[in-house]
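Student: structure for the following, please:
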Amino acid sequence: MHIQTLRGIAKERGIKAGRMAKTEIIRTIQRLEGNFDCFKTAVEGHCDQGECSWRDDCLSNSKKAAS
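Tutor: Next up is the predicted model:
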């Protein structure tokens with residue numbers, strides 16, 4: 001998702017995104033949605049937040065487990 005689109009979503013929800021990074025904006029929205037603010041912290045595609053609006057984007061950016 002483009003940052004401008006994301007900032008528009010944030011604005012609709014009353015978030016002053018200003019110079020916030022994409023990850024920070026999404027985590028703020030996650031908290032407002034009642035989810036954990038865990039965007040981009042999934043390890044090897046594991047996520048138990050099935051109702052999160054950002055789940056697909058998050059999982060496509062998931063981390064590899066430390067060996």
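Student: what residues sit buried inside the helix or strand hosting Ile29?
Tutor: When elements are assigned from DSSP states H and E, Ile29 belongs to helix 22-32. By neighbour count on 16 or more other Cβ atoms under 10 Å, the buried set for helix 22-32 is 22, 25-30. Where you see a C-beta, it was placed from the backbone N, CA and C, and this is true even at glycine.
Student: and which of those is nearest Leu59?
Tutor: Ile26 (13.0 Å; Cβ to Cβ).
Student: not counting its neighbours along the chain, what's nearest the closest one?
Tutor: Phe39 (4.4 Å; Cβ to Cβ, 6 or more residues apart in numbering).
Student: what residues are up against that neighbour?
Tutor: Phe39 is in contact with 23, 26-27, 30, 54, 57-58, counting by Cβ atoms under 8 Å, 6 or more residues apart in numbering.
Student: picking that back up, and the helix holding Ile29, what does it pack onto?
Tutor: Applying 3 or more Cβ pairs under 8 Å, 6 or more residues apart in numbering; DSSP states H and E, one finds that helix 22-32 contacts helix 3-12.
Student: where does the protein dip in pLDDT?
Tutor: Low-confidence segments of the chain (pLDDT under 70): 63-67.
Student: so what's Asp57 up against?
Tutor: 1, 26, 39.
Student: so when I look at the residue nearest to Ile26, I'm seeing a helix, right?
Tutor: No: read with DSSP: H, G, I helix; E, B strand; the rest coil, Phe39 is coil and lies in no helix.
Student: how near is it to Glu51?
Tutor: Noted for Phe39: a distance of 14 Å to Glu51, by Cβ to Cβ, to the nearest Å.
Student: do Arg7 as well
Tutor: Between Arg7 and Glu51 the computed distance is 23 Å (Cβ to Cβ).
Student: ok, now Leu59?
Tutor: According to Cβ to Cβ, Leu59 and Glu51 sit 14 Å apart.
Student: so which of those two has more stuff around it?
Tutor: Higher neighbour count among Leu59 and Glu51: Leu59, with 15 against 8, using other Cβ atoms under 10 Å.
Student: identify the residues contacting the more buried one.
Tutor: Neighbouring residues of Leu59 by Cβ under 8 Å, 6+ apart: 42, 45, 47.
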